[in-house]
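Asker: below: sequence and its predicted model.
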Amino acid sequence: MRELRAPRAPREPRDRRERARVAMLTCEFDPIRCGGLATMVTALCRALDPARFQPVVVMPRSGHAAPWPHVEQRRLPYCVADRYQAGATEVWLLSNPLLDSEGVIYPEPYDHAGIKKTDEYGERVAELLGALDVRLLHLHDAYAYKCLYEARRLGLPSALTIHRLHEDEPPLAFAEMASARLATAVTTVSDAYRRERDDFFSIRSDVQVIPNGIDLDFWTEDLLPPEPSGRAARRGRLLRALELPERPTFAFVGRFDRDQKGVDVLLDAHDGHLRGAPLNLIFAGEGDRALGERVAAVAAAAGDQVRLLHRTLPPEEVRALLAAVDFAVIPSRYEPFGLILIEALAMGALPIASRVGGLRDVLAARPARPALGRSFEAGDAAGLARAMQEMARLALAAPDAMDEARRAARARAEAYSSRRMAARYEALYTAILGARAFPPAGGPRPEAAPRGAGAGSR
Ligand code: NHF
């Protein structure tokens, strides 16, 4: 006899039952980029489990043409929203005169154009939230902070990841304080940065640290043109192309800025201590005009020792460069995470890095032996020069030890895969979503979510 069963509730389409749409609120997503934020957000979107989470990036257009297939356009009262399909990621670009001006992602000076753009962005996201049909917001830095009131009104929980604090820009510092109080959960990208910036993070007791990760399927020698004699041959080819002599070679890759990346510290190390030393130094990057001119002048004066690649290298070129040089110099004054360190480790460029933020955490991780490179006090040009000279000598005297360090470096990088990072965010999203039932956007007003759901402090 057949059992009588209670009638089943109609099945929701598989997609809606199992995949939570997550709004990624960011000003950067590859190739619309300024720095590491784009790398991190892009890697996270690609690494999320597609069966469980659908990333929906929403960002200002900032004067960029989108390289992805166009899906639809919506005309909202105060902006135009274009939807694109970037692989498995849905991307919305918002345009109006404030959000789409001059190809500038972060307008300078921040106090006027920047705050206008930031506020506009959050307000327009608020307007779009219902149509996005997301269950969760993930703010990457606080640029979208102005949508948080509407998000709470709609019962949408939110995670805020602090990639970098902006105490030097008071309007944005205010946005950070406001969103850290309003978000359901707050994370940052290294334990050292959280400790260094306890003045901010003590705003709540449940800040979680989720270290960044990189796509190790991209950051691998396997994707380079096959080279029977490996690294030595790659380095030889690079040095011939740059007309530099065969000797230990160091590279700086990054933004030429005044406050963070420390290119001036490396220039001081060169001018004060390394002129004529038996080593090569390659600068790859751009940014502050005066700093660029100073690097160019040093390169011109130190004819067969210093070279400047005066542009932002695309990731493929960064990969090839890091796979050819001996060492990566990372002289940051502060560094919440420092993705370039993981990229360098993955490609076997041993780091000479300042002891700050994520750089300190990654280099201090166990096992401590073999040493993967050298560290020095941030801002200490003499200390940096000493570390570089010591490593240049070691490279010549003990090539086997260098090879061993490179293997260990790759193993260290593998602890920072984008998949591992994504799994931590998935756990956070699940905890936030599971903390309560959220009605669909526009549904009845819910009880307040428990603060910091799922964000255990570490
Ligand atoms: O890696 C992505 C990046 C960090 O240290 C970096 C920074 C901005 O300053 O999290 O954000």
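Answerer: Great, that's in hand. Numbers count the residues shown, from 1 in each chain.

Asker: whichever residue of the stretch 101-250 of the chain sits closest to the ligand - how many residues pack around it?
Answerer: Nearest residue of the stretch 101-250 of the chain to the ligand (Cβ to the nearest ligand atom) works out as His163 at 3.4 Å. (C-beta placed from N, C-alpha, C; glycine too.) Counted with other Cβ atoms under 10 Å, residues neighbouring His163 total 21.

Asker: before we move on, what about the one 4 residues further on?
Answerer: Residues contacting Glu167 under the criterion other Cβ under 10 Å number 11.

Asker: backbone dihedrals for the residue of the stretch 101-250 of the chain closest to the ligand, please?
Answerer: For His163, the backbone dihedrals are phi -90, psi -30 (criterion: degrees, to the nearest 10).

Asker: wait, it sits on Ser190?
Answerer: No - the pair His163 / Ser190 is not scored as a contact, 10.4 Å apart, by Cβ atoms under 8 Å.

Asker: joint contacts of those two?
Answerer: The overlap between the contact sets of His163 and Ser190 (Cβ atoms under 8 Å, 6 or more residues apart in numbering) consists of Pro336, Phe337.

Asker: quick one: name the residues of this protein near the ligand.
Answerer: Contact residues, the chain versus the ligand (Cβ under 6 Å from any ligand atom): 36-37, 40, 163-164, 189, 212, 335-339, 358.

Asker: which of those residues count as buried?
Answerer: Using 16 or more other Cβ atoms under 10 Å as the burial test, the residues of the chain next to the ligand include 36-37, 40, 163-164, 189, 212, 335-339, 358 as buried.

Asker: now the terminal residues of stretch 363-370, how far apart.
Answerer: The first and last residues of stretch 363-370 sit 11 Å apart, counting by Cα to Cα, to the nearest Å.

Asker: starting at the chain centroid, how far to it?
Answerer: Its chain's average C-alpha position is 23 Å from that of stretch 363-370, according to Cα atoms, centre = their mean, to the nearest Å.

Asker: now stretch 50-60
Answerer: So, by Cα atoms, centre = their mean, the centroid of stretch 50-60 is 17 Å from its chain's centroid.

Asker: equivalent analysis for stretch 229-239, please.
Answerer: Relative to its parent chain, stretch 229-239 has a centroid offset of 29 Å by Cα atoms, centre = their mean.

Asker: now swap in stretch 133-149 and tell me
Answerer: So, by Cα atoms, centre = their mean, the centroid of stretch 133-149 is 18 Å from its chain's centroid.

Asker: for that stretch, which residues meet the burial criterion?
Answerer: 134-148.

Asker: in CSV, could you pull the C-alpha coordinates for it?
Answerer: The C-alpha trace of stretch 133-149 is given here as CSV (Å, rounded to 0.1, in the frame of the first residue of the first chain):
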residue,chain,number,x,y,z
ASP,A,133,17.9,40.5,-5.7
VAL,A,134,20.9,39.8,-3.4
ARG,A,135,20.8,38.3,0.0
LEU,A,136,24.0,39.8,1.4
LEU,A,137,26.2,42.8,0.8
HIS,A,138,30.0,42.5,1.0
LEU,A,139,31.6,46.0,1.2
HIS,A,140,35.2,46.2,0.1
ASP,A,141,36.4,49.2,2.1
ALA,A,142,33.7,51.6,3.0
TYR,A,143,33.0,53.4,-0.3
ALA,A,144,29.4,52.1,-0.5
TYR,A,145,28.7,53.0,3.2
LYS,A,146,25.7,55.2,2.3
CYS,A,147,23.7,52.1,1.1
LEU,A,148,23.8,50.5,4.6
TYR,A,149,20.8,52.3,6.0
